[in-house]
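[1] 3D, please:
(one chain, ligands or ions: 1)
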Amino acid sequence: MSAEKTLFRDTFLPFSRPAIGDAEIAELVDSLRSGWITTGPKVERFTQMFAQYVGGKHAAALSSATAGLHLALLAHGIGPGHEVITTPLTFAATVNMIALVGATPVLADIDRHTLQVRPEQIAARITARTRAIIVVHYVGDAADLDPILDLARTGRFSVIEDAAHAAGTEYKGKRIGAFDTTSVFSFHPNKNITTGEGGMLVTPDPEIFERVSLLKFHGMDRNAWKRFAKQGSPRYDIAMPGYKYNMMDIQAAIGLHQLRRVARNWDRRQEIWARYDRELSDLPLVLPAAPEPETRHAYHLYTVLVDPDRAAITRDEFIGAMTRENIGVGVHYQSIPVHPYYQSQFGWRPEDYPNSFRIGQQTVSLPLSAKLRDQDVSDVIRAVRKVLVGQTARGAPCAN
Ligand SMILES: *Cc1c(COP(=O)(O)O)cnc(C)c1O
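    Residues are numbered from 1 along each chain as shown. Now for the predicted structure:
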């Protein structure tokens with residue numbers, strides 16, 4: 001049986017493609033022609049629009065969510081001698097930033113069905129040195145925030161939300177970004193809203209916002225745009241040594257129009273999600289859990305579990321076979337304790353976090369983007385069926 005002859009697609013479907021339209025392109029060109037390409041009026045407009053979209057009070061546009069997590073930890077005063085609790089099922093940046101501010105990351109295992117961090121697991125990890133918890137709203141579903149906020153109030157520690165997946169996610173009627181926490185969003189090209197690279201930190205706390213505003217740009221008390229605009233003064237004071245984590249106008253130019261199409265893109269993502277749910281339901285796969293009541297899913301990542309006991313192949317074999325069918329897939333994520341640095345630095349063993357370990361070996365993310373055409377989605381579904389059961393539709397054997 002020759003795979004080459006029976007491919008459904010002759011072009012590779014990348015795992016993720018940003019949905020960028022003519023409006024983004026025109027706005028970007030406008031920035032380039034205007035002569036003002038770094039932080040300026042478009043960043044200010046995008047920041048305000050984003051804060052309004054999530055229902056947040058203060059927002060700071062940044063170069064990435066990784067920068068945002070770094071600044072959030074610093075602004076909350078987290079450093080050496082402190083412990084920060086988070087989930088082992090996240091991108092490395094979440095844990096890296098805790099380590100880079102000199103604090104000790106502590107992992108609380110996830111729920112094996114919802115894949116979100118569990119309040120009881122967090123509670124079991126709290127010590128006298130706990131200063132913060134970073135909640136990850138995994139795949140765009142909302143983690144159960146209320147019991148976590150209660151734990152933080154009782155223990156007097158900060159809650160930071162890694163909301164990289166959660167632009168548009170709602171918990172009990174409010175968007176992520178509107179809670180009494182510091183939340184950090186990502187605009188990486190794989191995320192639901194993109195600016196190429198970029199991030200946004202949102203907080204209701206004016207002191208946290210003030211510190212983030214200084215730290216994001218050299219510790220300067222005014223940004224360049226205000227200094228060099230006609231009414232500005234080129235003078236500035238350094239209040240503290242800061243980083244260079246500002247977003248540029250050429251990024252915000254893209255973001256402004258991404259935000260205008262966010263509702264339409266959400267509808268399209270939900271439609272694709274529902275199709276996957278429907279057309280993959282009879283396969284030996286574990287499909288994503290339904291969203292919890294009182295939440296609204298951002299439909300960021302459609303992750304299925306390939307359990308070798310049911311599917312007769314491993315996740316890695318599944319990935320290889322899908323790639324041969326010209327379909328790109330992703331892994332979100334391997335459990336954090338499998339990485340050698342964390343093992344040697346913190347003594348973590350993957351088997352101590354059994355749910356994350358197992359999910360990390362079985363999870364695979366199918367393409368999900370507002371950019372996908374119906375035919376692309378059909379191709380993904382046919383490829384998954386072929387790889388798992390040798391059938392392209394229910395009951396219909398492959399042509400080969
Ligand atoms: C993408 C991502 C980040 C990092 O975002 P960047 O904007 O690329 O820095 C952090 N945490 C999670 C969970 C992510 O998915």
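[2] The top helix by length along the chain: what's the following helix or strand?
    The longest helix of the chain (DSSP state H) is helix 262-279. Counting by DSSP states H and E, the next helix or strand C-terminal to helix 262-279 is strand 295-296.
[3] how far is stretch 356-364 from where the chain is centred?
    What separates the centre of stretch 356-364 from the centre of its chain is 17 Å, taken as C-alpha atoms, centre = their mean, to the nearest Å.
[4] State the mean pLDDT of it.
    Averaging pLDDT along stretch 356-364 gives 98.
[5] Thought residue 364 was touching residue 318, still the case?
    Yes. Using C-beta atoms under 8 Å, residue 318 is in contact with residue 364, at 6.0 Å. C-beta: built from backbone N, CA, C; applies to glycine.
[6] and for the two, which residues touch both?
    Any residue near both residue 318 and residue 364 by C-beta atoms under 8 Å, 6 or more residues apart in numbering counts here, and that gives 306, 329.
[7] sorry, back to before: buried residues in the longest helix of the chain?
    262, 265-266, 268-269, 272-273, 275-276, 279 (16 or more other C-beta atoms under 10 Å).
[8] could those residues go into TSV alongside distance to residue 9 and pLDDT?
    What follows is the buried residues of helix 262-279, written out as TSV (distance: C-beta to C-beta, whole Å; pLDDT from 0 to 100):
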residue	distance to residue 9	pLDDT
262	29	96
265	23	97
266	26	97
268	20	98
269	21	98
272	17	98
273	21	98
275	17	98
276	17	98
279	17	98
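[9] tally of neighbours for whichever residue of the stretch 251-400 of the chain sits closest to the ligand?
    Closest residue of the stretch 251-400 of the chain to the ligand, C-beta to the nearest ligand atom: residue 332 (7.2 Å). Neighbour count for residue 332, taken as other C-beta atoms under 10 Å: 20.
[10] SS state for it?
    Under DSSP: H, G, I helix; E, B strand; the rest coil, residue 332 falls in the coil class.
[11] quick one: it and residue 139 touch, right?
    Yes. With contact defined as C-beta under 8 Å, residue 332 reaches residue 139; the gap is 7.1 Å.
[12] Mutual contacts of the two, please.
    301, 303.
[13] what's the longest strand along the chain in contact with?
    In the chain, assigned by DSSP state E, the strand with the most residues is strand 130-136. With contacts defined as C-beta under 8 Å, 6+ apart, strand 130-136 is touched by 69, 73, 76-78, 82-87, 89-90, 94, 98, 103, 106, 116-117, 122, 143, 145, 148, 151-152, 155, 157-162, 164-165, 181.
[14] ok, and which of these reach the ligand?
    Restricting the contacts of strand 130-136 to those within reach of the ligand (C-beta under 6 Å from any ligand atom) leaves 90, 94, 162, 164-165.
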